[in-house]
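**Q** Make a model of this:
(chains A, B, C and D)
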There are 2 protein chains.
Amino acid sequence: MSERTEKRTSGRPHDPEAAGAVKAAAVQLVRERGYAKVSIAAIAAQAGVARQTVYNRWPSKADLMLEAVFEEAWTLTAEPKPEDGSGAAAQLEAFLVQVFAHLTRNMDPVRALIAAAQEDAAFGAVFRDKFVAPRERVVTALLERAQARGELGAERDAAMLSAFVHGAFWYRMLNGRRLDAALARAIVAEVFAAG
Amino acid sequence: MSERTEKRTSGRPHDPEAAGAVKAAAVQLVRERGYAKVSIAAIAAQAGVARQTVYNRWPSKADLMLEAVFEEAWTLTAEPKPEDGSGAAAQLEAFLVQVFAHLTRNMDPVRALIAAAQEDAAFGAVFRDKFVAPRERVVTALLERAQARGELGAERDAAMLSAFVHGAFWYRMLNGRRLDAALARAIVAEVFAAG
DNA sequence: TACATTATTGGACATGAGTCTAAAAATCAC
DNA sequence: GTGATTTTTAGACTCATGTCCAATAATGTA
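**A** Residues are numbered from 1 along each chain as shown, chains lettered A, B, ... in the order given. Below is the predicted model:
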């Protein structure tokens, strides 16, 4: 949206191309070799930049990868519109299918970032803020709309059900199972089983 | 159960105290400092053993910790008995309360091992075999008994619901939230909401 | 132009996981 | 006892993350 709002008093400015080059190198290398086999040194070399320059901008490999691989690509364009005519179950299934497709394409870095969030509390907070919470809110909001329209019992706990939904595919993914359309269907079926 | 069944032809035998000393040292140090701050070198030193001796028995720090922290302590004594007179909902809640208590006491190493399972496929397979699958089966079996007794709709997908249950607390745990009795109650309430 | 400020660079540094090797030690078979 | 076998030990080694530092480069201001 807005340009930098920080006051630049003086001093050498950031190399305007460095951040983009580093992110591009990170994306390319992670696709080629997988998260674990990409070192910061290799990314810096590929980007034509000193290793320290990477650390100037990102506190850790995980922070860099989160921004490089996800913030650009996975905008929440898949977010279901409240009034698109279809039922909540169909909306949820469509949303999950899109999420699964994206997760499947980026399975290796996603799993690595969830791992990093366990091992590094500072990154964990960033990860939840930028990645987990927004996606959880989409599903919670969808379920609350479903309750408002009577498609889901008003006595159900939408937040808990949202945790069921996310938990179900996290659990599957973190245990090395596939995320496919059949899983999306099964999740939706159980969430709405009670009507 | 049985003693070593391997044929010992000749050669120096394993130090009979080494494995126990290493596991004890691992448990003690992980409780004192947390998983991330315990090095294999420190464990070996504490156990009075060479570092290589640790690697002779366990392929990685994660494998050692899994065995040291969990295999002894967390036997499935909490497994609900099929015929204890109480309903399936109460059984599930009681089981979850026990599981949560144990996870809470070992939150740091559990999260670290789940992380390690993402980063190391070989350990991931071991972790699922020894840790994840047995606990998943307990809940699935409980839900299937509930269906057989008519306490849960026969059309429900017990395996999917079991993934909901485990996924819900994995998701909570991996996002740094507490696992408490209220969560156990909420999970059970939603699983059985449809009757 | 000179100065203060900040970024970049290249390298050293600390630490930890995991591998490898060579020598010493403990066992069995002969 | 001698030899084959296997474990233990100590230490070197590779590679990674992340920190630290000093020299240099690029900017705004006086």
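
**Q** roughly how far apart are the residue nearest in space to the middle of chain A and A:E67?
**A** For chain A, the residue nearest the mean C-alpha position is A:F131 (4.2 Å; Cα atoms, centre = their mean). To A:E67, A:F131 is 11 Å away according to Cβ to Cβ, to the nearest Å. For every residue, glycine as well, the C-beta is placed using N, CA and C.

**Q** again, but for A:A94
**A** 27 Å.

**Q** likewise A:G167?
**A** Where A:E67 is concerned, A:G167 sits at a distance of 26 Å (Cβ to Cβ).

**Q** Which one of the two is surrounded by more residues?
**A** For A:G167 versus A:E67, neighbours defined as other Cβ atoms under 10 Å in any protein chain shown are more numerous around A:G167 (25 against 18).

**Q** Could you pull up the residues touching that one?
**A** B:163-164, B:166-172 (Cβ atoms under 8 Å, 6 or more residues apart in numbering or on different chains).

**Q** What sits closest to it if chain neighbours are left out?
**A** B:G167 (2.8 Å; Cβ to Cβ, 6 or more residues apart in numbering or on different chains).

**Q** And A:F169, how far from DNA strand C?
**A** Computed as Cβ to the nearest atom of the strand, to the nearest Å, the A:F169 to DNA strand C distance reads 27 Å.

**Q** and whatever helix or strand that residue lives in, how far out from the chain's middle?
**A** In the assignment (DSSP states H and E), A:F169 maps to helix A:158-174. Centre-to-centre, helix A:158-174 and its host chain are 14 Å apart (Cα atoms, centre = their mean, to the nearest Å).

**Q** Over to stretch A:29-48?
**A** Taking mean C-alpha positions (Cα atoms, centre = their mean), stretch A:29-48 and its chain are 20 Å apart.

**Q** what number of residues lie near the residue in chain A that DNA strand C sits nearest to?
**A** Closest to DNA strand C within chain A is A:G11: 1.9 Å, counting by Cβ to the nearest atom of the strand. Neighbour count of A:G11, defined by other Cβ under 10 Å: 6.

**Q** That one in helix, strand or coil?
**A** coil (DSSP: H, G, I helix; E, B strand; the rest coil).

**Q** Residue numbers of chain A in contact with chain B?
**A** Proximity of chain A to chain B (Cβ under 8 Å from any Cβ of the partner chain) is limited to residues A:36, A:111-112, A:114-119, A:121, A:124, A:128, A:132, A:153, A:155-157, A:160-161, A:163-164, A:166-172, A:174-176, A:186-187, A:189-190, A:193-195.

**Q** hmm, 6 Å instead?
**A** A:111, A:115, A:118-119, A:128, A:157, A:160, A:163-164, A:166-168, A:170-171, A:175, A:186, A:190, A:193-194 (Cβ under 6 Å from any Cβ of the partner chain).

**Q** How confident was the prediction at the residue nearest to A:V138 when sequence neighbours are not counted?
**A** Nearest-residue entry for A:V138: A:E79, 5.4 Å, with adjacent residues in sequence omitted and distances by Cβ to Cβ, 6+ apart. pLDDT, A:E79: 75.

**Q** quick one: A:E79 and DNA strand D, what's the gap?
**A** 31 Å.

**Q** can you check A:F70 too?
**A** Distance from A:F70 to DNA strand D, by Cβ to the nearest atom of the strand: 17 Å.

**Q** quick one: pLDDT of that residue?
**A** pLDDT, read off for A:F70, is 90.

**Q** Grab the nearest non-local neighbour of it.
**A** Nearest to A:F70 is A:F131, by Cβ to Cβ, 6+ apart, at 6.5 Å.

**Q** Repeat that for A:A42.
**A** That would be A:L29: by Cβ to Cβ, 6+ apart, it lies 6.0 Å from A:A42.

**Q** likewise A:F127?
**A** A:A117 (4.4 Å).

**Q** quick one: whichever strand or helix holds the one you found near DNA strand C?
**A** Element membership for A:A117, per DSSP H and E: helix A:107-119. No. Contact between helix A:107-119 and DNA strand C is absent, the nearest approach being 11.3 Å (criterion: Cβ under 7 Å from any atom of the strand).

**Q** Buried residues, that helix. List them.
**A** Residues A:108-119 are the ones in helix A:107-119 that count as buried (16 or more other Cβ atoms under 10 Å in any protein chain shown).

**Q** Kindly report the same for stretch A:30-45.
**A** Buried-residue list, stretch A:30-45, by 16+ other Cβ under 10 Å: A:30, A:35, A:38, A:40, A:43-44.

**Q** sorry, back to before: and the residue nearest to the centre of chain A, which of the three is it?
**A** helix.

**Q** Read off the pLDDT value for it.
**A** Value for A:F131, per-residue pLDDT: 95.

**Q** domains in chain A, as residue ranges please.
**A** Annotated domains of chain A cover A:18-57, A:76-191 [automatic domain parsing].

**Q** Let me know whether the host helix or strand of the residue nearest to A:A42 sits next to DNA strand C.
**A** Using DSSP H and E, A:L29 falls within helix A:18-33. Yes. Shown here: helix A:18-33 in contact with DNA strand C (Cβ under 7 Å from any atom of the strand) through A:A18.

**Q** Okay, angle between that helix and helix A:107-119 too, please.
**A** 110 degrees (axes from the mean of the first three to the mean of the last three Cα atoms, to 10 degrees).

**Q** looking at the domains of chain A, which has the lowest confidence?
**A** domain A:76-191 - the lowest mean pLDDT of the domains of chain A, at a mean of 94.

**Q** residues from chain A in reach of DNA strand C?
**A** So far as Cβ under 7 Å from any atom of the strand goes, chain A lies against DNA strand C at A:9-15, A:18, A:48-53, A:56-57.

**Q** ok, and the closest non-adjacent residue to A:R156?
**A** That would be B:A193: by Cβ to Cβ, 6+ apart, it lies 6.1 Å from A:R156.
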